[in-house]
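Peer 1: Let me see the structure of the following:
(one chain, ligands or ions: 2)
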Amino acid sequence: PKAIKSKLAHLTELRSKRIRVSGWVHRLRDQKDIIFLVVRDGTGYLQTVLSGTVASTYDALTLTLESSVEVVGTLQAVPEGKQAPGGHELIVDYWRVLGAAPGAEDAFTNRVNEKSDPHIQADLRHLVLRGETASSVLRLRAYLLSAFRESMTSYDILEVTPPCLVQTQVEGGATLFTLDYYGQPAFLTQSSQLYLETVLPSLGDVFCVQESFRAENSHTRRHLSEFTHLEAELAFITFDDLMDNIENIICKTVDILLTNPSSAAIIKTLNPKFEAPARPFMRISYVEAIAWLNEHKIKRPEEDAEGNPVKDESGQIKMVEHKVGDDIAEAAERQMTDIIGKPVFLHGFPAELKSFYMKKIPGTSFTESCDLLMPNVGEIVGGSMRIADMTELLVAYKREGIDPEPYYWFTDQRKYGTCEHGGYGLGVERFLAWLADRYTVRECSLYPRWPGRATP
Ligand code: 4AD
Ligand code: MG
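Peer 2: Residues are numbered from 1 along each chain as shown. Ligands and ions are numbered 1, 2, ... in the order given. Here you go, the predicted structure:
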């Protein structure tokens, strides 16, 4: 019978049929007169069995891992007591090598494996991606992006695509990548927030999935120079509505992923202990968090006027208690979330620690801002209510030393029918690190960028 061409994800209905599949040699076990090949095509894995004359050709005897092949044969259930992906086995009657991979002298597995030095793994990321773990993480990332879109749509939030090339900053001038734009200075966007705000009167609530860029000299588990930013902006809301929406979107997204058997299976493999977080999420104010840190003896390094850590006589960094006004640094934040062990909203940060556009809690120097922290990762979402009043915004530009001129379009949002509004940004790689229990966000990006790294 003519063979049915199939991807490996769709074999269940093809038992006892003659099929044709193409892929790469993922595993190879040669027992002389019988060869077991596990073929991989990106959608799944299939054990294939070559025996008799099909196993004794020159190609069969010289076959190498990562060669690309086409195999044709009859799909069967694996014999009782044996294991194979999906419980299938292909009894091959015809096959051919499409692209041979080098053997011993330049073998794939000699160049990189899970124990290789991290620099080598980074240089050879294009090969690492063929591995089971790396490819599962990226497959889950694809499900995650589509689940985010589905969640946003279910709340009537519309997707837009703001530009990456911009001439304004959002999160501070210190982390901008600057480039020459036809003879004028321009930047790679740090956040699409300002653009999202401008389209509220046009499209209503909006979101985007866009790359953001930060020239931060941070070599940490959770910083990238380029990351995928899911951002949303909502009109006519209160600060509580904003936190509710963040929680709703996250829980809906997790729910979609756990309902879909394909994504649920990947989560089960990568993060067996994962459970949907309980609702409502804990909410604590910044001032309460400072007290909590001191109660739990979590200290911070003392800093001099320039912000450098102060050392004692023995050269040790001096650790001191937190006080209101201090930034809660990454280390303290991580200890806090790990002790609490579940998602927690920190809200009401001091204005001087936060960006120029944030709305103040009336009559105070604190802002209507929130970070959502997750165990093992820390901050995955940053959001706030925005200054809705034009005069107040002009004062905020001044305080921050921002020239209002290039922001004329952002200011106009307040001039022509302002509204109370707010929004947030979620780091997709950080969310994925939480969901899939990855040590670093570098594993959650296709080709991660960090200081000094822009290849492959
Ligand atoms: O807290 P951030 O800087 O907030 C903003 O950019 C707002 N303008 C977003 C908004 O309100 N629309 O960034 C938001 C999130 C962080 O919580 C974090 O998850 C992620 O973006 N993020 C990073 N992820 C990886 N590497 C970096 N260098 C990141 N910087 C921020
Ligand atoms: Mg933040």
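Peer 1: Next one: residue 90 relative to ligand 1, how far apart?
Peer 2: Between residue 90 and ligand 1 the computed distance is 42 Å (C-beta to the nearest ligand atom, to the nearest Å). C-beta here means a position set from N, CA and C on the backbone, and glycine is covered the same way.
Peer 1: mind listing what that residue touches?
Peer 2: By C-beta atoms under 8 Å, 6 or more residues apart in numbering, the contact list for residue 90 reads 19, 21, 46-49, 71, 73-76.
Peer 1: my read: residue 145 touches residue 210, true?
Peer 2: No - Residue 145 is not in contact with residue 210 according to C-beta atoms under 8 Å; the separation is 11.8 Å.
Peer 1: list the buried ones in the helix or strand of the chain with the lowest mean pLDDT?
Peer 2: Counting by mean pLDDT, DSSP states H and E, the chain has its least confident helix or strand at helix 108-111, which shows a mean of 86. Neighbour-count burial for helix 108-111 flags residue 108 (criterion: 16 or more other C-beta atoms under 10 Å).
Peer 1: Not counting its own residues, what contacts it?
Peer 2: With C-beta under 8 Å, 6+ apart, helix 108-111 has contacts from 65-66, 101-102, 104, 120, 124, 127.
Peer 1: Restricting to C-alpha, output that helix in CSV.
Peer 2: Output of helix 108-111 as CSV, limited to C-alpha atoms (Å, rounded to 0.1, in the frame of the first residue of the first chain):
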residue,chain,number,x,y,z
PHE,A,108,27.7,16.1,17.3
THR,A,109,28.0,14.6,20.8
ASN,A,110,31.7,15.4,20.9
ARG,A,111,31.1,19.0,20.3
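Peer 1: Contact partners for residue 374?
Peer 2: Applying C-beta under 8 Å, 6+ apart, the residues near residue 374 are 337, 343, 380, 430-431, 434.
Peer 1: Could I get the pLDDT score of it?
Peer 2: You'll see residue 374 listed with a pLDDT of 96.
Peer 1: any idea of the mean pLDDT in stretch 387-398?
Peer 2: Average pLDDT, stretch 387-398: 97.
Peer 1: from the chain's centre, how far out does it sit?
Peer 2: For stretch 387-398, the separation from the chain centroid amounts to 33 Å (computed by C-alpha atoms, centre = their mean, to the nearest Å).
Peer 1: Same question for stretch 399-417.
Peer 2: The answer for stretch 399-417 is 31 Å, by C-alpha atoms, centre = their mean.
Peer 1: For that stretch, which outside residues touch it?
Peer 2: For stretch 399-417, the external contacting residues (C-beta under 8 Å, 6+ apart) are 167-169, 194, 197-198, 200-201, 356, 387-390, 393-394, 397.
Peer 1: List the ones among these that fall in helices.
Peer 2: If you go by DSSP state H, the contacts of stretch 399-417 have 194, 197-198, 200-201, 390, 393-394, 397 in helices.
Peer 1: In ChimeraX, how would I select the buried members of those?
Peer 2: Applying 16+ other C-beta under 10 Å to those leaves a buried subset, and the ChimeraX line that selects it is:
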select :194,197,198,200,393,397
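Peer 1: Point out the residues in the chain that sit beside ligand 1.
Peer 2: Contact residues, the chain versus ligand 1 (C-beta under 6 Å from any ligand atom): 170-171, 191, 193, 214, 216, 223-224, 227, 229, 231, 379-383, 423-427, 429-430, 441.
Peer 1: show me what contacts the closest residue in space to residue 26 that isn't next to it in sequence?
Peer 2: Spatially, and ignoring its direct neighbours in sequence, residue 26 is nearest to residue 40 (3.9 Å; C-beta to C-beta, 6 or more residues apart in numbering). If a contact means C-beta under 8 Å, 6+ apart, then residue 40 has 8, 23-26, 130 as its contacts.
Peer 1: Please apply the same query to residue 285.
Peer 2: Applying C-beta under 8 Å, 6+ apart, the residues contacting residue 285 are 346-348.
Peer 1: ranking those residues by neighbours, who comes first?
Peer 2: residue 347 (25 neighbours; other C-beta atoms under 10 Å).
Peer 1: Tell me what the residue lying closest to it once chain neighbours are set aside is bridged to.
Peer 2: Excluding the flanking residues, the one nearest residue 347 by C-beta to C-beta, 6+ apart is residue 370, at 4.1 Å. Taking DSSP bridges as the rule, residue 370 bridges to residue 347, residue 383.
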